[in-house]
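*Asks:* structure, please.
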Amino acid sequence: MIACQDLRMDVGAVAACRSLDIARPTFYRRLAAGTEEAAADRPAPPRALSTSQRQQVLDILHTDRFVDKAPTEVYATLLDEGTYHCSVRTMYRILGEAGEIRERRNQARHPQYQAPELLATAPNQVWSWDITKLLGPVKWTYFYLYVILDLFSRYVVGWMIAHCESSALAKRLIAQTCEKQNVQPGQLTIHADRGPSMKSKPVALLLADLGITKSHSRPYVSDDNPYSESQFKTLKYRPSFPDRFGSIQDARAFCQEFFPWYNGEHRHSGIGLMTPEMVHYGKAEMVTRQRQIVLASAFDKHPERFVRGMPTPPLLPEAAWINKPKIESKPVVLAENISIPEVLRYGSEEDRRSWGNMEADFSSQAVQQPRNDIKFKSEVSQNH
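*Replies:* Below you'll find the model as predicted:
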């Protein structure tokens, strides 16, 4: 704001605010606040307690019989004993000035968790896994679906249905999936939320033994695990998904049909309308070339239908992110003072120094008007 004030003296408030990307109302408001005179000290009300009386109330509140009681109880106790010093609010005010009003219980101070930032540029670099509940035959009965998803290809590399949520089952599923996908030490990062199975010691020890980096979402932040949540939505929004499963066998039978469809037939909008299987097993480039041939053939037959030229198939993203870092905007660089002899101010011969093309255009328009008037006057005088 100080820089804007200094620049305002040279180029004016409008150009200074535009150059520094500051709203003019904010600039004027801060400028007015800085010039306001300090408020005068408020005199003490005549009905206020004196300094000695306030100290007497504070000493009473510090006595052994009242030190652990609230001001409301102190007020009522003294009133029953025939003593009145001040109101309950005044007691709170006196304690507040002494810095003695706070929560008496120990308060937990939660650490500031950093958002996980995970990047996958190929399959089997980052996996995301989670557990969702499937409604059982009667109320309060559930079956637990464990799903491990590849971040880059959206391919479900492993899944399991069980009667309960268990760290031992999660450990077995992760171990079998890593063996099936031939995961090498130091290759993989597994991301999950902060559920009991995800943070369990058996799972943590397994990941350490396999050389897998673990990552967790921030507490109560569902956006940190978006890929698993999106996959569960696809599962539960299927037309054939039932309201309840009659048994765990029914749930397993449904998933045995769903996951082959999801991996091999479902065209995913986040991976160039390809199936997760195409991307996971390296068929994406071949599919893209084949689609381009089909589109080129359609364009050759009916070019008038493609008003924007040769169509192209949707491309596979180069990377998949969890919490992609935000790109900070570049600082605004002020234009240098440039002498422009052709631009005159109000018909004078002084050079106009411009702080941008827009202001130069306005200046040139303002310059042209006086010249036209002079030319018009000279022609009129010659005719007469």
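*Asks:* which residues in the protein form helices?
*Replies:* 2-11, 13-19, 24-35, 51-62, 71-80, 88-97, 167-180, 201-210, 226-236, 248-264, 276-280, 284-301, 357-383 (DSSP state H).
*Asks:* mean pLDDT, distance to Glu103 and mean neighbour count for these - can I get that in a markdown table?
*Replies:* Yep, even glycine has a C-beta here, placed from its N, CA and C like the rest. Shown next, in a markdown table, are the helices of the chain (pLDDT from 0 to 100; distance: least, CB to CB, whole Å; neighbours: other CB atoms under 10 Å):
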| stretch | mean pLDDT | distance to Glu103 | mean neighbour count |
| --- | --- | --- | --- |
| helix 2-11 | 80 | 40 | 14 |
| helix 13-19 | 85 | 44 | 18 |
| helix 24-35 | 78 | 34 | 12 |
| helix 51-62 | 93 | 17 | 14 |
| helix 71-80 | 94 | 15 | 14 |
| helix 88-97 | 93 | 13 | 16 |
| helix 167-180 | 95 | 36 | 17 |
| helix 201-210 | 94 | 34 | 15 |
| helix 226-236 | 95 | 36 | 17 |
| helix 248-264 | 97 | 47 | 16 |
| helix 276-280 | 96 | 51 | 23 |
| helix 284-301 | 95 | 57 | 13 |
| helix 357-383 | 45 | 56 | 12 |
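*Asks:* for these, give me a markdown table that also has distance to Asp130.
*Replies:* Rendered in a markdown table, the data for the helices of the chain read as follows (distance: least, CB to CB, whole Å):
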| stretch | distance to Asp130 |
| --- | --- |
| helix 2-11 | 49 |
| helix 13-19 | 48 |
| helix 24-35 | 44 |
| helix 51-62 | 53 |
| helix 71-80 | 49 |
| helix 88-97 | 47 |
| helix 167-180 | 11 |
| helix 201-210 | 13 |
| helix 226-236 | 4 |
| helix 248-264 | 15 |
| helix 276-280 | 17 |
| helix 284-301 | 25 |
| helix 357-383 | 52 |
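*Asks:* pretty sure Leu145 contacts Ile161?
*Replies:* Yes - judged on CB atoms under 8 Å, Leu145 makes contact with Ile161 at a distance of 5.3 Å.
*Asks:* intersection of neighbour lists for these two?
*Replies:* 134, 251, 255 (CB atoms under 8 Å, 6 or more residues apart in numbering).
*Asks:* ok, how many other residues are close to the first one?
*Replies:* By other CB atoms under 10 Å, the residues close to Leu134 number 21.
*Asks:* residues near the residue lying closest to it once chain neighbours are set aside, how many?
*Replies:* The spatially closest residue to Leu134, leaving aside those adjacent along the chain, is Phe143, at 4.4 Å (CB to CB, 6 or more residues apart in numbering). When neighbours are defined as other CB under 10 Å, Phe143 has 21 of them.
*Asks:* which residues touch Phe143?
*Replies:* So Phe143 contacts 133-134, 136, 161-163, 245, 248, 251 (CB under 8 Å, 6+ apart).
*Asks:* do Tyr28 as well
*Replies:* Ala13.
*Asks:* among the helices of the chain, which is nearest Gln114?
*Replies:* Set against Gln114 and scored by CB to CB, the helices of the chain come closest in helix 226-236, at 17.3 Å.
*Asks:* specify the angle between the closest one and helix 248-264 in degrees.
*Replies:* 120 degrees (axes from the mean of the first three to the mean of the last three CA atoms, to 10 degrees).
*Asks:* any idea of the pLDDT on the residue nearest the centre of the chain?
*Replies:* The chain has Asn323 as the residue nearest its centroid, 7.8 Å off, counting by CA atoms, centre = their mean. You'll see Asn323 listed with a pLDDT of 93.
*Asks:* tell me the contacts of Ala204?
*Replies:* Contacts of Ala204 were listed using CB under 8 Å, 6+ apart, and they are Lys214.
*Asks:* if we go to 10 Å?
*Replies:* 167, 171, 198, 214 (CB atoms under 10 Å, 6 or more residues apart in numbering).
*Asks:* go ahead and confirm the third one touches Ser167.
*Replies:* Yes - Met198 is in contact with Ser167 according to CB atoms under 10 Å; the separation is 8.7 Å.
*Asks:* which of the contacts of Ala204 lies closest to Thr83?
*Replies:* Of all the contacts of Ala204, Thr83 sits closest to Met198, with 60.3 Å by CB to CB.
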